[in-house]
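K.L.:
for reference, the sequence and a predicted model appear below.
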Amino acid sequence: MPNDQTTTFLVDQRVVYPSQGVGRIMEIREKTFNSQKTLYYIIYLEFSDMTVMVPVDKVEALGIRPLVSKEEAEVALDSISKAASTIPSDWKLRYQMNLDLLKKGSIMDIAAVVRSLYQRSKIKELPILERKLYESALNLLQDEIAFALDRPKEEIAAIIRENLDK
């Protein structure tokens with residue numbers, strides 16, 4: 001390492017960047033900014049085909065975390081077939097609640113957002129903002145589970161749809 005900052009992740013490791021998706025650490029690079037040397041993760045996000053630079057000391061605040069284990073991925077996959085807890089009928093309140101869960105970024109939070117918005121959409125069509133939130137959460141969930149289980153995203157998408165309809 002170029003300086004004494006410690007890194008949490010390794011080059012080539014897959015990580016989850018909440019609300020951005022699954023990425024891969026391409027390199028760890030030192031940059032000087034305002035005469036201060038800082039280490040950065042260079043993360044390639046496949047879903048958006050984008051590369052981002054994240055200061056090593058900001059990953060925790062941003063909620064960037066390692067991929068879940070196969071066991072955790074299977075638990076999340078299973079959890080979406082369960083009934084959602086009571087959700088507010090006021091869509092603005094519901095939207096904020098789900099947005100907060102998505103920002104927290106745990107796979108169980110993401111699964112809860114997918115489940116509750118899907119179940120809500122069966123009752124009444126979702127407003128545009130909630131539909132976008134649902135699609136974003138669904139993509140995050142599919143990506144992470146596909147990588148964690150090392151299975152094609154299409155296969156995971158089909159399993160998620162099946163579990164949502166149980």
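P.N.:
Structure received. Residues are numbered from 1 along each chain as shown.

K.L.:
element containing Glu144, please.
P.N.:
Take DSSP states H and E as the rule and Glu144 turns out to sit in helix 128-149.

K.L.:
let me see the contact set for the most far-flung residue of the chain relative to its centre.
P.N.:
Residue farthest from the centre of the chain, counting by C-alpha atoms, centre = their mean, is Ser35 at 33.8 Å. By C-beta atoms under 8 Å, 6 or more residues apart in numbering, the contact set of Ser35 is empty. Placement of C-beta: from N, CA and C, glycine included.

K.L.:
and it, how far is that from Leu62?
P.N.:
Per C-beta to C-beta, to the nearest Å, Ser35 is found 24 Å from Leu62.

K.L.:
what's in contact with the strand ranked longest in the chain?
P.N.:
Secondary structure of the chain per DSSP state E: the longest strand is strand 21-33. Contacts with strand 21-33, where a contact means C-beta under 8 Å, 6+ apart, come from 1-3, 7, 9-17, 37-48, 51-53, 56, 67, 139-140, 143-144, 147.

K.L.:
tally up the residues packed near Asp143, please.
P.N.:
Residues lying near Asp143 (other C-beta atoms under 10 Å) number 22.

K.L.:
quick check: pLDDT value at it.
P.N.:
At Asp143, the predicted lDDT confidence score is 94.

K.L.:
quick check: which ranges of the protein have low pLDDT?
P.N.:
Scanning the chain for pLDDT under 70 picks out the ranges 1-5.

K.L.:
outline the domain layout of it.
P.N.:
14-66, 70-164 (automatic domain parsing).

K.L.:
can you list the buried residues in stretch 158-166?
P.N.:
159-160, 163-164 (16 or more other C-beta atoms under 10 Å).

K.L.:
from the residues you listed, which ones fall inside strands?
P.N.:
Using DSSP E, none of the buried residues of stretch 158-166 sit in strands.

K.L.:
from those residues, which is closest to Asp90?
P.N.:
Leu164 (23.2 Å; C-beta to C-beta).

K.L.:
may I ask you to confirm that the closest one is in contact with Ser116?
P.N.:
No: between Leu164 and Ser116 there is no contact under C-beta atoms under 8 Å: 10.8 Å.

K.L.:
ok now stretch 57-64, how far from the chain's centre?
P.N.:
13 Å (C-alpha atoms, centre = their mean, to the nearest Å).
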